[in-house]
Each structure stands twice: as structure tokens, then as C-alpha cells.
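K.L.:
prediction below, plus the sequence it came from.
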Amino acid sequence: MIRTIILLLPIYITLFWSIALAGNEKEHSTPRRFLGKFMIFPLLIFISHLLYFAPYPKIYPYFDVVLQYASLMVFPFYYIYFRLLTVDEKCSVKAHARFLAIPTLIASLYGAGILLTPKIEYRTWLFDENAYPHSDYIRFLNTMRMIIRITYLIQVVVSVLANYLLIRKYRVKAEQYYSNLQDGKYNNALMLNRSIVFMGIAAFIFTLLGRQYLFSQNALIYAGWTVFSATLFIIGYMGIKQKAINPTFDLEVDNQLPADEVKQLSGTQRKILYKMLLEFEEKKIYLNSQLNILDVVQAVGTNRTYISTIINQQYNLNFCAFVNSYRMEELERIIHENRDVSNEILAECCGFGSVNSLKRAVFAKTGMSVSVWKKHLRSDPARL
């Protein structure tokens, strides 16, 4: 009974997160929704393990290829998730298919080998890898299983290192998905990567031990599945905390069009610009800490490309910098009216969402800390 409960635990967790992390594009971030899709693969893995260890020998043979394919897809999918947190705007076949090609090829070859193997040999081999040692079909399956294990190990190492490099270079951008949290330590992305490291190490150790050895080792199953469950819960919890991107000042301003070569806006573009300025200057939508470009698109009644193009052509800024220019003006106004306002209240009143977002915006624009910048404002009568 306890064994069954432990085997079911990661299934419940991954099923819960795959549903909870889903949502529409406006309300939830792209990485968060993608993480919900990622959870489908651990879900398939642990359903397969349940069928093997419970055991259900008549059903499991139909899931073995699913288990192998899902195992090969976990780390590439997690790497794509990190790319969405840092450098990629959305998931697409063109951008990410190359990360999934090798796992798909290996799993396809493994599946073809299963189809060609006589049923009695295949079913016996699944629960006894030493069975039919002289069968060419079984030899092929053993070879493919070894390739899968080696590929899995390479994926663990490569994806973890690649994720670390992304965090190291783009950590601030990744942390913007948690910009409503006043932690100031940029640990969220690191925790996500460390979680998958623990899961990868545990999974590889259990792979080396072999399922036949684990079959009768309840203590190891209890320990391992508890680690898997805790790790998956942490990953899902970190994902559910993400929100739609909160624009903060971006150091990498879009400079596709130099300021001295700004083109004249068309009649349609001028109308869109007028509506957009109405939203910012009169309705002050920038005070919404969760504002994203899709909110502006909906308010103005146009599309994302138009908004980005108009802001770039007219102001030589990207969307994030444009939003923060209004927030910075609001920040100066409030400081002028009340010099004793705390940073927490300033962040909330100006739409930054957190003190850390405010600090990053001030430093990116002025090169100063908030405290130094405040002193600079107070010592400059022309600005106050």
C-alpha cells in the first residue's frame, strides 16, 4: 500500500502542475505556460514507472517506448524553458526543433526495434535483460537502451551547464518574471536549475542501478520517489510564481533605427500613437506593475508589431524602456512632492512592482543607486 502511494505521488504532483501552470497568453507568462507542457513528460515517466514497479506486466510493455522517449525529452524541454526565461520570446519549431531532433530519432529507432522483436522475447526481456542473449532483436534493443542511457547522461550535463550560462548572462531578465518579489538576491533562476540538477543526478543513479535491482528495494524506491516528488514540486511552485513579464528598464535598447534617422509615421501610425499616448499620459496605465505589451495592444486596438515599431521609430526605445521612462517621471514627481517616501511605497506608486525593479531601472538609466540619485535630485534645484 505504501509502495503504491509513493509511486503515485510524483504522478499527482506533475498532473497538478501541468494543469495549474496552463493559462492564456495575457494572464500568464510564456515560460510558465511552457513549464506546464514540460510537466507532461515527467508525468508520462512516472506513470510508466508505476506500471513497471506496481507491477502491471501486461500493460507496461505498451509504455516502455513512452518512458524512454519522455526521459530523453525532459532535459531538452527544460533547456528550452530556460531559453524562454532569458533569450527567446516564444517557443517555435524553427527555433527549438533542433534540441528535440536527436531524442526523437533515438526513440524512433528504439520503437522500430520493439515492433520488429517477437512479442514473447520483448515482454520477457523487459523484466529480465539477460533473457534471449543470442537474439539479434534483443541485442539491438540492448544497444539502443545503452545509447539512451548515454544520451541521457550527456543531456543532464549539457543542459545544466547551458542553463547556468544563460543564468549567468541573463539573470536579471529571468528575474523580471519574479519582479513582484522583494528578494534582491536573484536566486529564483538558480533554484530552478539546481532543482533539475538534483533530479537528474538521482535519475541517473537509479538508471545505473537498474530497474530489476530496484524492483525489490522498497527503501530505495521510497527515497528516490520522494526526491523526485519534492524536486518536481519545487519546479512547479517556482513556475506558478511567475507572472506576465513586468517591463523594467532594458539595457539593450532597440537601436535598429538611429535617432537621427527616425522615419515619419504614417497616418495610421499617428492615430495609434495618439491612442497609446492617451493611455499612458491620461490613464497612466504604466502604474500597473503587471503591464505588458499585450495590454497596450488590447487598449489601443492594434497589434504587437505596430506598437513596437512606433515606439522604436518615434522614441528610439524598446517597449520596456518606453514604459519605464514614464515610471521614472512619476518617480521624480513623487520624490519632489515628498522626500521622505520609502522605496517600497515609491515602487508601488510608480508601477515598478518591487523595490528591486525600481533599483534596476534607476541604475540602468542614471548609473546611480536610488539613494545617490535621490541626493542628486535634491541638490539640483533645476530638476526639483
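P.N.:
Nice, I can see it.
K.L.:
relative to Ala219, how far out is Leu51?
P.N.:
Counting by C-beta to C-beta, to the nearest Å, the gap from Leu51 to Ala219 is 21 Å. Glycine gets a C-beta too; all of them are placed from N, C-alpha and C.
K.L.:
these two: which is more packed in?
P.N.:
Leu51 (21 against 7; other C-beta atoms under 10 Å).
K.L.:
helices of the stretch 51-200 of the chain, residue ranges please.
P.N.:
With DSSP state H, counting those that start in this stretch as the criterion, the stretch 51-200 of the chain has helices at 64-86, 93-116, 119-127, 136-175, 188-209.
K.L.:
relative to Ile272, which of these is closest?
P.N.:
helix 136-175 (27.1 Å; C-beta to C-beta).
K.L.:
and that closest one, what other elements does it pack with?
P.N.:
In terms of contacts (3 or more C-beta pairs under 8 Å, 6 or more residues apart in numbering; DSSP states H and E), helix 136-175 is packed against helix 64-86, helix 93-116, helix 119-127, helix 188-209.
K.L.:
can you say which of the ones you listed is packed in most?
P.N.:
Mean neighbour count (mean count of other C-beta atoms under 10 Å) peaks for helix 64-86 among the helices and strands packed on helix 136-175, with a mean of 22.
K.L.:
who does it touch, helix- and strand-wise?
P.N.:
The elements that helix 64-86 packs onto, with contact taken as 3+ C-beta pairs under 8 Å, 6+ apart, are helix 30-38, helix 40-53, helix 93-116, helix 136-175, helix 188-209.
K.L.:
average pLDDT across the third one?
P.N.:
Spelled out, that is helix 93-116. The average of the pLDDT scores along helix 93-116 is 94.
K.L.:
if I look at the closest residue to Phe198 other than its chain neighbours, how far off is Leu15?
P.N.:
Distances taken as C-beta to C-beta, 6 or more residues apart in numbering put Thr231 closest to Phe198, at 5.3 Å, once the chain neighbours are dropped. Thr231 sits 16 Å away from Leu15, going by C-beta to C-beta.
K.L.:
neighbour count: those two, which is higher?
P.N.:
Higher neighbour count among Thr231 and Leu15: Thr231, with 22 against 16, using other C-beta under 10 Å.
K.L.:
what are the contacting residues of the helix or strand harbouring that one?
P.N.:
Element membership for Thr231, per DSSP states H and E: helix 218-240. With C-beta atoms under 8 Å, 6 or more residues apart in numbering as the test, helix 218-240 has contacts from 2-3, 6-7, 9-10, 13-14, 16-17, 20-21, 31-32, 35-36, 39, 42, 46, 53, 188, 191-192, 195-196, 198-199, 202-203, 206, 209, 214.
K.L.:
what's the spacing between it and its chain's center?
P.N.:
The chain centre lies 18 Å from the centre of helix 218-240; the measure is C-alpha atoms, centre = their mean, to the nearest Å.
K.L.:
tilt between that helix and helix 30-38?
P.N.:
150 degrees (axes from the mean of the first three to the mean of the last three C-alpha atoms, to 10 degrees).
K.L.:
got the CA coordinates for helix 218-240 in PDB?
P.N.:
Written as PDB, here are the backbone C-alpha positions of helix 218-240 (Å, rounded to 0.1, in the frame of the first residue of the first chain):
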ATOM      1  CA  ASN A 218      11.400  -0.600  -1.300                       C
ATOM      2  CA  ALA A 219      13.600   1.700   0.700                       C
ATOM      3  CA  LEU A 220      15.400   2.900  -2.400                       C
ATOM      4  CA  ILE A 221      12.100   3.500  -4.200                       C
ATOM      5  CA  TYR A 222      10.700   5.400  -1.200                       C
ATOM      6  CA  ALA A 223      13.800   7.600  -1.000                       C
ATOM      7  CA  GLY A 224      14.200   8.200  -4.700                       C
ATOM      8  CA  TRP A 225      10.500   8.900  -5.500                       C
ATOM      9  CA  THR A 226      10.400  11.300  -2.500                       C
ATOM     10  CA  VAL A 227      13.300  13.200  -4.000                       C
ATOM     11  CA  PHE A 228      11.600  13.300  -7.400                       C
ATOM     12  CA  SER A 229       8.300  14.400  -5.900                       C
ATOM     13  CA  ALA A 230      10.000  17.200  -3.900                       C
ATOM     14  CA  THR A 231      12.000  18.400  -6.900                       C
ATOM     15  CA  LEU A 232       9.100  18.500  -9.200                       C
ATOM     16  CA  PHE A 233       7.000  20.300  -6.700                       C
ATOM     17  CA  ILE A 234       9.700  23.000  -6.300                       C
ATOM     18  CA  ILE A 235      10.000  23.400 -10.100                       C
ATOM     19  CA  GLY A 236       6.200  23.700 -10.400                       C
ATOM     20  CA  TYR A 237       6.000  26.100  -7.500                       C
ATOM     21  CA  MET A 238       8.700  28.300  -8.900                       C
ATOM     22  CA  GLY A 239       6.800  28.300 -12.200                       C
ATOM     23  CA  ILE A 240       3.500  29.300 -10.600                       C
END
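K.L.:
and it, what's its mean pLDDT?
P.N.:
pLDDT averaged over helix 218-240 gives 90.
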